[in-house]
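**Student:** this is a predicted model, with the sequence first.
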Amino acid sequence: MSSTLERHAVAVGDLLVGDGPAVVIGGRVSLRAHGGRADAYEVLRDRVTLAEPYSAADLPAIAELADAVVVGASWTRDIPLVRAAAGLGLPVVVERRASASVEEWLGLADYCAGEGDGRVILCEGARGGRPDLGLMRAAQSISGRPVLADVSGDIELSAAAVAAGADGLIIDGPGPGSAADPLTALRVAEEAVTVVGALLRPEAPATLPECRAAIDRVDAALATLLERRAELAGIVQRIKPVGGFAGRDMGRERALVARMALRAPSLGEARLAPIMNAVIEAGLHLAEERASQ
C-alpha cells in the first residue's frame, strides 16, 4: 500500500486534478457497454476525457482518442488487461471494486503507477453506484493521490463529495437518484465545485487569470451565503416583536463582528464592521420591501 503523503496532481487533458479548484469531468465512455461487438474507433470518434476498454483490442483507439484510461471496478482482477491499460502512457483512473478495502484499492493504484508513468488518479463510486465518501477521503489522505467521485448515480452527492475532499466529480448522464437530465446534472456538479470548493479547497494561484478565477469562485460562494443570510434575516423579522430598523440589536451586531474577526483576523473588527452593517441594512430593506408587497 502506498505511504506517500506528498500531494500529487495529474493533468487530464486541459484539467489539472489534485491541485487548485475541483473539476467536473463529463466525458466518460465505457466500451464494455458494447460487449466487444463495437469498433473502438467508431465509438470514441472524437477525443474523449475518460475511456474504459472492454479488451486489449480497444487500447490503441483509447491511446489515440482519450485523455485518460479507466481501470473499471468490474475488472480490476483482470491483471493482464490492467497491466496493458496502465502501460498505454496515459493517466490511469483506478476505480475501487465495491468489496475492495482501501489497502486493495491503493495496492492496485501502486501497481498501475509502476506499470505506467506514475500518473494515477483514484475514483470512488463505480458507474451508477453510490460513492463511499469516508473511504475516499481515507484513501486520499493515505496515498496523496488525487481522487474523483463518480456521482452519476446520485448527483445530489456532489456538494458532499467536494466537502469530503474530492478533487473532481464524474457525471455520466442520468441514473438512479440522479438529476433528471445531463444538463441539470452538470449544473449541480459545477455549483458544488464552485461554491463548496471556494469555501473548503486551498488554492495558490500563480497567474493573474488563475487569481481572478479563484476570486470569482469565492465571490460566487459569498453571493450564495449572502442570499441565504437575507432569507434567514427575513424570517427573524417576521418573528421579532419589533422588526425592521427599529428592532436592531446593536450589542448583538457588535458581538457578531467580534466573532467574525476571529475567523478573519486580517480584516479585523474595524474593517468588518462597515461590511456587516451594509449586509444587515440590505437584509432589512429587503424584508421591508417584501412586507409592503
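**Tutor:** Sure, I can see it. A quick note: this is a predicted structure, and the numbers were derived from the prediction, not measured. Residues are numbered from 1 along each chain as shown.

**Student:** make it CA atoms for all contacts and neighbour counts henceforth
**Tutor:** OK.

**Student:** what sits against residue 96?
**Tutor:** 72, 73, 105, 122, 123, 124, 125, 126 (C-alpha atoms under 8 Å, 6 or more residues apart in numbering).

**Student:** for the first one, what are phi and psi?
**Tutor:** Spelled out, that is residue 72. phi -70, psi 150 (degrees, to the nearest 10).

**Student:** please apply the same query to residue 13.
**Tutor:** Its backbone dihedrals place residue 13 at phi 60, psi -130, with angles given as degrees, to the nearest 10.

**Student:** same question for residue 198.
**Tutor:** Residue 198 has phi and psi values of phi -60, psi -30 when expressed as degrees, to the nearest 10.

**Student:** shift numbering so it begins at 43
**Tutor:** In the new numbering, first residue 43, that becomes residue 240.

**Student:** can I get the CA coordinates of the helix or strand harbouring residue 152 in CSV?
**Tutor:** Under DSSP states H and E, the secondary-structure element containing residue 152 is helix 144-157. These are the backbone C-alpha positions of helix 144-157, laid out as CSV (Å, rounded to 0.1, in the frame of the first residue of the first chain):
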residue,chain,number,x,y,z
VAL,A,144,-8.6,0.8,0.9
GLU,A,145,-5.4,-1.4,1.1
GLU,A,146,-6.5,-3.4,-2.0
TRP,A,147,-7.5,-0.2,-3.9
LEU,A,148,-4.3,1.6,-3.2
GLY,A,149,-2.3,-1.5,-3.9
LEU,A,150,-3.8,-1.7,-7.4
ALA,A,151,-3.1,2.0,-7.9
ASP,A,152,0.5,1.5,-6.9
TYR,A,153,0.7,-1.4,-9.4
CYS,A,154,-0.7,0.8,-12.2
ALA,A,155,1.8,3.5,-11.3
GLY,A,156,4.6,1.0,-11.6
GLU,A,157,3.4,-0.4,-14.9
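
**Student:** buried sites along that helix?
**Tutor:** Using 16 or more other C-alpha atoms under 10 Å as the test for burial, helix 144-157 gives 144, 147, 148, 150, 151, 152, 153, 154, 155, 157.

**Student:** quick one: the fifth one from residue 263, how far?
**Tutor:** The span separating residue 151 from residue 263 equals 34 Å under the rule C-alpha to C-alpha, to the nearest Å.

**Student:** same check on the third one?
**Tutor:** According to C-alpha to C-alpha, residue 148 stands 34 Å off from residue 263.

**Student:** cool, and residue 223?
**Tutor:** Residue 223 is 25 Å from residue 263, where distance means C-alpha to C-alpha.

**Student:** repeat for residue 309
**Tutor:** With C-alpha to C-alpha as the criterion, residue 309 and residue 263 are 18 Å apart.

**Student:** which strands and helices sit next to the biggest helix by length in the chain?
**Tutor:** What stands out as the longest helix in the chain, according to DSSP state H, is helix 250-281. Contact analysis of helix 250-281 by 3 or more C-alpha pairs under 8 Å, 6 or more residues apart in numbering; DSSP states H and E lists helix 239-242, helix 310-334 as its packing neighbours.
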